[in-house]
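> Give the three-dimensional model of this entry:
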Amino acid sequence: MKLNRNLTLLTDFYELTMANGYFENDKGKTTSYFDLFFRDIPDDGGFAIMAGLEQIIEYINNLHFDEEDIAYLRDKKIFSEEFLNYLQAFKFTGNIWAIEEGMPIFPFEPVLIVKAPIIEAQFIETMLLITINHQSLIATKANRIVRAANNHAVMEFGSRRAQGYDAAIYGARAAYIGGCVGTSCTLSDKVFQIPALGTMGHSFVQMFDSEYEAFASYAKTYPDNCTLLVDTYNVLKSGVPNAIKVFNDVVVKLGYRPKGIRIDSGDITYLSKTARKILDEAGFPDCKIIASNSLDEYIIRELISQGAKIDLYGVGERLITSKSAPVFGGVYKLVAIEKDSEIIPKIKVSENVDKITTPGFKQVYRIFDNKTNKALADVITLSDEVIPENEAYEIFDPNSPWKRKTLTNFTVKTLLTPIFRNGKCVYQVPSIVEIRNRCQKEIDKLWDTVLRFENPHKYYVDLSQKLWDLKNDMLYEYSLK
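Okay, the predicted model is just below:
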């Protein structure tokens, strides 16, 4: 099941005014090339995670203007009837290449490339950025939290704090790709088969005359899945003792074992340590302790360092909003056009070095050391270049080209995969579980120094000599104008 909606008009209005301008000036059929890339890793981390490609495919496949859309645009009284007639038959006819979901990605490398008539390529900009920026942000944040949890399961519990219902639905998807084991968002389970998780809230406990009665009622209803929220009144004086009594009186007598208790407030380190001791002494060492309450990777890491006895973490607002770094700065830039079947590179020049684009139609390669199977560097090349595996290859820092290194005994992986060809999807979308597994597998190929939370080693993203020469020649040419 998919969330089928016509999102064609979910675009910046200037995409339409530019499209009309291209159309009226006979530029609309010009083949153009756009790179989608990002400049900074959230939380000053060592890498980000690619996510959102499946939703881009759905959007492109459903891209069309219906009668209501055309009527709305006609009422604006700034678009010609010829242009509106063009939009009535509008569809995407171009090519798209992308780095697959779940892959680690790095600043300034194109994670998605579009080749299409300029109107088509320009028009889809907004939705591409919305989708990649949001899901890559949440997948990246989720993975930081999962890694901080150090093999303890993390559940995404942020729906009610998400910035809108789409942010909750697709944020849960991205969090699962990043490594979370499930979500509190039921619709995400229905749509994406992400396990929906959850038991009770404080209101359930308050609805009964006593905490014991609330726990007993819940246990009778769900004897084989009994997890009790123990902090409504007092965790150690009433919550845990009442939970143990219900485990003995109801759960065990019905032939089951309790699943867990959840602590949502207070000094979680102290409470979990004490609760663990009480549960063990009561004969329930298999009863898990779940912690929630405004957690993130830093708090979780502190809890673990303090010896907290927590088996699972429920993480909400700080994950689903990526509170500490809420923006994924993806951009979409024109890098080439075609004229008389020749690719003409384009460049944007800026006083801000980070905003100078890299021109040309490109490919991205990842180089792996054959001895360690660890990723050594990514190299951005022009599309017709191939990195040979059977001979030495020199890489260099594009910002400090005198810093060079010769690589031998390596394997090369092509990162940009064909997604659309002539408007038709040619990519088989993997399952969400396959994407999640790819994410973990590929992160395992990064050096530990890149995985650090503080001051991670900067992963090398280099330009080929040919591409570096093209960029610098164009910069020199523009400096003379």
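> any idea where the strands of the stretch 201-350 of the chain begin and end?
227-229, 260-263, 288-291, 312-315, 330-339, 342-345 (DSSP state E, counting those that start in this stretch).
> for these, which one sits closest to residue 110?
strand 330-339 (8.1 Å; C-beta to C-beta). In this view, the C-beta of every residue, glycine as well, is placed from N, C-alpha and C.
> What mean pLDDT does that closest one get?
Mean pLDDT, taken over the full extent of strand 330-339, equals 97.
> how far out from the middle of the chain is that strand?
23 Å (C-alpha atoms, centre = their mean, to the nearest Å).
> and it, which strands flank it?
Next to strand 330-339 in the sheet, as set by DSSP bridges, lie strand 31-38 (antiparallel), strand 342-345 (antiparallel).
> Can you give me the buried ones in the longest one?
Within strand 31-38, the residues scored as buried using 16 or more other C-beta atoms under 10 Å are 31, 32, 33, 34, 35, 36, 37, 38.
> And the last one, by the same measure?
By neighbour count with 16+ other C-beta under 10 Å, strand 342-345 contains the buried residues 343, 345.
> CA-only coordinates of that strand, as CSV, when you get a sec.
Taking Å, rounded to 0.1, in the frame of the first residue of the first chain, the C-alpha atoms of strand 342-345 are listed here in CSV:
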residue,chain,number,x,y,z
GLU,A,342,27.3,18.2,-26.9
ILE,A,343,27.3,18.4,-23.1
ILE,A,344,28.1,22.0,-22.1
PRO,A,345,29.2,22.3,-18.4
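> returning to that earlier point: what about the strands of the stretch 201-350 of the chain, which gets the closest to residue 131?
So among the strands of the stretch 201-350 of the chain, strand 330-339 is nearest, using C-beta to C-beta, at 9.5 Å.
> Quick one, which of the strands of the stretch 201-350 of the chain gets closest to residue 9.
strand 330-339 (18.1 Å).
> Other residues contacting the closest one?
30-39, 111, 118, 125, 128-129, 132-133, 136, 343-348, 357-362 (C-beta atoms under 8 Å, 6 or more residues apart in numbering).
> Show me which positions of that strand end up buried.
330, 332, 333, 334, 335, 336, 337.
> The nearest residue to residue 214 once chain neighbours are set aside: neighbour count?
What sits nearest to residue 214 in space, not counting adjacent residues and going by C-beta to C-beta, 6 or more residues apart in numbering, is residue 208, at 3.9 Å. Residue 208 has 14 neighbours, counted by other C-beta atoms under 10 Å.
> quick one: residue 208 and residue 232 touch, right?
No: the criterion here is C-beta atoms under 8 Å, and residue 208 misses it with residue 232 at 10.4 Å.
> So which bits of stretch 269-283 are buried?
Those would be 269, 271, 272, 273, 275, 276, 278, 279, 282, for stretch 269-283 by 16+ other C-beta under 10 Å.
> Out of those, name the ones that lie in helices.
The helices, defined by DSSP state H, take in 269, 271, 272, 273, 275, 276, 278, 279 from the buried residues of stretch 269-283.
> can I get those residues in JSON lines with pLDDT?
Output for those, formatted as JSON lines (pLDDT from 0 to 100):
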{"residue": "269", "pLDDT": "97"}
{"residue": "271", "pLDDT": "98"}
{"residue": "272", "pLDDT": "98"}
{"residue": "273", "pLDDT": "98"}
{"residue": "275", "pLDDT": "98"}
{"residue": "276", "pLDDT": "98"}
{"residue": "278", "pLDDT": "98"}
{"residue": "279", "pLDDT": "98"}
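> returning to what we had before: which one among the buried residues of strand 330-339 gets closest to residue 446?
For the buried residues of strand 330-339, the residue nearest residue 446 by C-beta to C-beta is residue 330; the value is 20.8 Å.
> For the residue nearest to residue 100 when sequence neighbours are not counted, give me its contacts.
Spatial nearest neighbour of residue 100, chain neighbours left out: residue 417 (5.7 Å); criterion: C-beta to C-beta, 6+ apart. When contacts are counted by C-beta under 8 Å, 6+ apart, residue 417 is found next to 97, 98, 99, 100, 427.
> Remind me which helix or strand residue 19 belongs to.
In this structure, residue 19 sits in helix 13-24 according to DSSP states H and E.
> what angle do that helix and strand 31-38 make?
160 degrees (axes from the mean of the first three to the mean of the last three C-alpha atoms, to 10 degrees).
> for helix 13-24, packing partners?
helix 81-88, helix 118-123 (3 or more C-beta pairs under 8 Å, 6 or more residues apart in numbering; DSSP states H and E).
> again, only using 6 Å
For helix 13-24, the packing partners by 3 or more C-beta pairs under 6 Å, 6 or more residues apart in numbering; DSSP states H and E come out as helix 118-123.
> and after the helix it packs on, which helix or strand comes next?
helix 125-148.
> Can you name the element that comes right after that next one?
Defined by DSSP H and E, the subsequent element after helix 125-148 is strand 153-156.
> quick one: strands adjacent to that next one?
strand 182-183 (parallel), strand 312-315 (parallel).
> State the distance from the residue sitting nearest the centre point of the chain to residue 302.
Taking C-alpha atoms, centre = their mean, the centroid of the chain lies closest to residue 136, which sits 2.4 Å from it. Using C-beta to C-beta, to the nearest Å, residue 136 is found at 27 Å from residue 302.
> just residue 399 next, same as before
36 Å.
> So between those two, which is more surrounded?
In this view residue 399 and residue 302 are compared by other C-beta under 10 Å, and residue 302 has more residues nearby, 13 against 9.
> so what pLDDT did that one get?
Confidence score, pLDDT, at residue 302: 97.
> now swap in residue 293 and tell me
Per-residue pLDDT puts residue 293 at 87.
> Enumerate every residue touching the closest residue to it other than its chain neighbours.
Nearest non-adjacent residue to residue 293, counting by C-beta to C-beta, 6+ apart: residue 264, 5.1 Å away. By C-beta atoms under 6 Å, 6 or more residues apart in numbering, residue 264 lies in contact with 231, 292, 293.
> Show me what the residue lying closest to the second one once chain neighbours are set aside bridges to in the sheet.
It stands for residue 292. Closest residue to residue 292 apart from its sequence neighbours, by C-beta to C-beta, 6+ apart: residue 314 at 3.8 Å. Listed by DSSP bridges, the beta-bridge partners for residue 314 are residue 155.
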